[in-house]
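>>> Need coordinates for the following:
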Amino acid sequence: MAMPMKKPVHAIILAAGQGKRMKSAKPKVLHLVGGTPMLGHVLTTAAAAGVSSSHLVLGHGAEQVQAWLARFGDGAPPTAMQTKQLGTGHAVLQALPEIPDSALVVILYGDVPLVSAETLRALIAAAGQGLALVTVHLPQPHGYGRIVRDSAGRVTGIVEEKDADETQRAICEVNTGLLATSAKRLKRWLAHVKNDNAAGEYYLTDVVGLAAKDHVPINTVTAASAQEVSGVNDPLQLAQAERAYQRLHAERLQREGLYLADPARFDLRGTLKIGQDVQIDVGVIVEGEVELGDNVRIGPYCVLRNVRIGAGTQVDAHSVLDTAEVGARCNIGPFARLRPGALLGDGVHIGNFVEIKKSTIGNGSKANHLSYVGDAVIGERVNIGAGVITCNYDGVNKHTTVIGDDAFIGTDSQLVAPVTIGRAAYIAAGSTIAKNAPEDALTINRAREQKSISGWKRPTRKGGPT
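This next block holds a predicted model:
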């Protein structure tokens, strides 16, 4: 016996609202949670739940949303416009013509970023040959549409707060707006939805009553938590969504073995891969794609952005690592900065107030304090003294500094690129090196000899001391 063909699943994501309470020029769905626009979370979750195609309904700030979607290139979801805000039913109608009758449609919202793929998969499965809703029980359901059931417990409709009577307002099971049913049925039902209600809008929720009249099975899925299905309408709710997101991911990472000094003071704004026995102190921000090897320790208030850090490395407090690769058993910081293109070998020491940019640092090399290394190739076991600068920019072009293995660069030296420092070369402190320095030799270049002036008197302030 042939198995029935599985229906393609299409999502309609409503993202047309103005979001007046956000008090922002930015469309509400582009506000960030965990470093990603809320709409981005919804698109990612829909794909993870098995949605084959998402359709966006845009309105307020559509140009900004389209500009954000441009990063997806040919993979950007199709969009439809709701030029007049006439309700959720009207919004869905703008996208429905592009969806085949044979498809199952899932209704999602661009300002509900925390819904899980598990909940959406359960919703899709519950739709079956009928209609499915996600509901949640709230002890204080004010403002939400109530789920109305008959004496047998069957769903007969949804009544909005504005239209509910006292008995209905006492119901604690509320509608989340998440719905799934066949495209063919949804098109037919929406054609019969009226706007004769207190708001004068075309409610998507009215299709539930129409489904009940058609004796179509209506199933419900209970959300794991109210937070999962909460919409974001103002900066306070945005902050609440952020904390909920961070809590979920901190707990997930802890179950994977991450040691967090305080999960409430950890921010993940991308993806984090960890080895064994990784420790992260308070106030650390992880952005982009970050990978930490075994026994890595991250000190307090560090920023890690698109970095890979090898096993046994320690990053001390207030360091910023951005688009860099760090080898094993390194020591970074405190107050160090690795800029894009920094590539550190094993056993490298980068100390306080040292900045590395677009440079390769060989195994065992050290720059322990107050130095800038940019556009450089540094060999192994090189010692870079305090205050050393590679002068890589001539005002127009960047130039490269090359330092051979085992070289010693004395304190407060300037290396004017392009320049090469030979293997085991020794640069005397305070030198300005603008020519290549040979191997195994001391190179010194200071402006003039030191001298002392006897009889010198300290200058005094005019008008006497203050």
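
>>> give me the number of residues near Trp456?
By other Cβ atoms under 10 Å, the residues close to Trp456 number 7. Heads up, the C-betas are built off the backbone N, CA and C, glycines and all.

>>> wait, Ala16 sits on Val65?
No - here Ala16 does not reach Val65: they are 9.4 Å apart, not a contact under Cβ atoms under 8 Å.

>>> shared neighbours, those two?
Leu58 (Cβ atoms under 8 Å, 6 or more residues apart in numbering).

>>> More neighbours: which of the two?
A direct count of neighbours by other Cβ under 10 Å for Ala16 and Val65 places Ala16 higher, at 27 against 23.

>>> Tell me which residues touch the residue nearest to the more buried one when sequence neighbours are not counted, please.
Among residues not flanking Ala16 along the chain, Gly59 sits closest, at 2.9 Å (Cβ to Cβ, 6 or more residues apart in numbering). By Cβ under 8 Å, 6+ apart, the residues touching Gly59 are 15-18, 81-83, 85, 91.

>>> Look up how far Ala91 lies from Gly59.
Per Cβ to Cβ, to the nearest Å, Gly59 is found 8 Å from Ala91.

>>> which residues are in contact with both of the two?
16, 82.

>>> quick revisit: which one of the contacts of Gly59 sits closest to Tyr144?
Ranked by distance to Tyr144 (Cβ to Cβ), the contacts of Gly59 are led by Gly17 at 16.6 Å.

>>> Please report how far the closest one lies from Ala183.
23 Å.

>>> residues of stretch 437-452 that come out buried?
Neighbour counts over stretch 437-452 (16 or more other Cβ atoms under 10 Å) mark 437, 443 as buried.

>>> repeat for stretch 36-52
37-43, 45-46, 49-51.

>>> So for Gly17 and Ala183, which residue has more residues nearby?
Gly17 (24 against 21).

>>> Hmm, His60 and that one touching each other?
Yes - using Cβ under 8 Å, Gly17 is in contact with His60, at 6.5 Å.

>>> residue ranges with poor pLDDT in the stretch 1-150 of the chain?
Judged by pLDDT under 70, the stretch 1-150 of the chain has its weakly predicted residues at 1-5.

>>> can you check the stretch 351-466 of the chain too?
Looking at the stretch 351-466 of the chain by pLDDT under 70, you get 452, 461-466.

>>> ranges for the strands of it?
In the stretch 351-466 of the chain, the segments counted as strands under DSSP state E, counting those that start in this stretch are 355-357, 360-361, 366-369, 372-374, 376-378, 383-384, 389-391, 401-403, 408-409, 414-416, 419-421, 426-427, 432-433, 442-443.

>>> cool, the stretch 51-200 of the chain as well?
Going by DSSP E, counting those that start in this stretch, the stretch 51-200 of the chain shows strands at 53-58, 79-81, 104-109, 131-137, 146-149, 155-159, 173-182.

>>> Helices of the stretch 201-350 of the chain, residue ranges please.
Applying DSSP state H, counting those that start in this stretch to the stretch 201-350 of the chain gives helices spanning 206-213, 235-255.

>>> Off-centre distance for the first one?
Yep, that's helix 206-213 we're talking about. 39 Å (Cα atoms, centre = their mean, to the nearest Å).

>>> what inclination does that helix have with respect to strand 155-159?
160 degrees (axes from the mean of the first three to the mean of the last three Cα atoms, to 10 degrees).

>>> Kindly report the same for the last one.
The directions of helix 235-255 and strand 155-159 differ by 130 degrees, with the same axes, to 10 degrees as the criterion.

>>> Who are the packing partners of helix 235-255?
strand 32-33, strand 259-260, strand 266-274 (3 or more Cβ pairs under 8 Å, 6 or more residues apart in numbering; DSSP states H and E).

>>> Is it possible to get JSON lines of these that adds distance to Leu344 and mean neighbour count?
Formatted as JSON lines, the helices and strands packed on helix 235-255 follow (distance: least, Cβ to Cβ, whole Å; neighbours: other Cβ atoms under 10 Å):
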{"stretch": "strand 32-33", "distance to Leu344": "30", "mean neighbour count": "18"}
{"stretch": "strand 259-260", "distance to Leu344": "24", "mean neighbour count": "16"}
{"stretch": "strand 266-274", "distance to Leu344": "19", "mean neighbour count": "18"}
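
>>> which stretch among those strands comes nearest Leu190?
Counting by Cβ to Cβ, Leu190 lies closest to strand 32-33 out of these; the figure is 30.3 Å.

>>> The closest one - which strands sit beside it in the sheet, and in what orientation?
strand 36-37 (antiparallel) (DSSP bridges).

>>> how about low-confidence regions in the stretch 151-300 of the chain?
Short version for the stretch 151-300 of the chain, where the test is pLDDT under 70: none.

>>> returning to that earlier point: from the contacts of Gly59, pick the one nearest Gly374.
Ala15 (42.7 Å).

>>> Pretty sure that closest one sits against Leu56.
Yes - between Ala15 and Leu56 there is a contact at 5.5 Å, judged by Cβ under 8 Å.

>>> among the buried residues of stretch 36-52, which two are most distant?
Using Cβ to Cβ, the buried residues of stretch 36-52 reach their maximum pairwise distance at Pro37 and Gly50, which is 22.1 Å.

>>> about what we covered before: let me have the strands of the stretch 51-200 of the chain in TSV, extended by distance to Ile378 and mean neighbour count.
What follows is the strands of the stretch 51-200 of the chain, written out as TSV (distance: least, Cβ to Cβ, whole Å; neighbours: other Cβ under 10 Å):
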stretch	distance to Ile378	mean neighbour count
strand 53-58	48	23
strand 79-81	50	17
strand 104-109	51	24
strand 131-137	57	22
strand 146-149	66	21
strand 155-159	67	22
strand 173-182	55	23
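
>>> Bridge partners for the residue nearest to Pro78 when sequence neighbours are not counted, pull those for me.
Among residues not flanking Pro78 along the chain, His55 sits closest, at 5.4 Å (Cβ to Cβ, 6+ apart). Here His55 shows beta-bridge partners Ile12, assigned using DSSP bridges.
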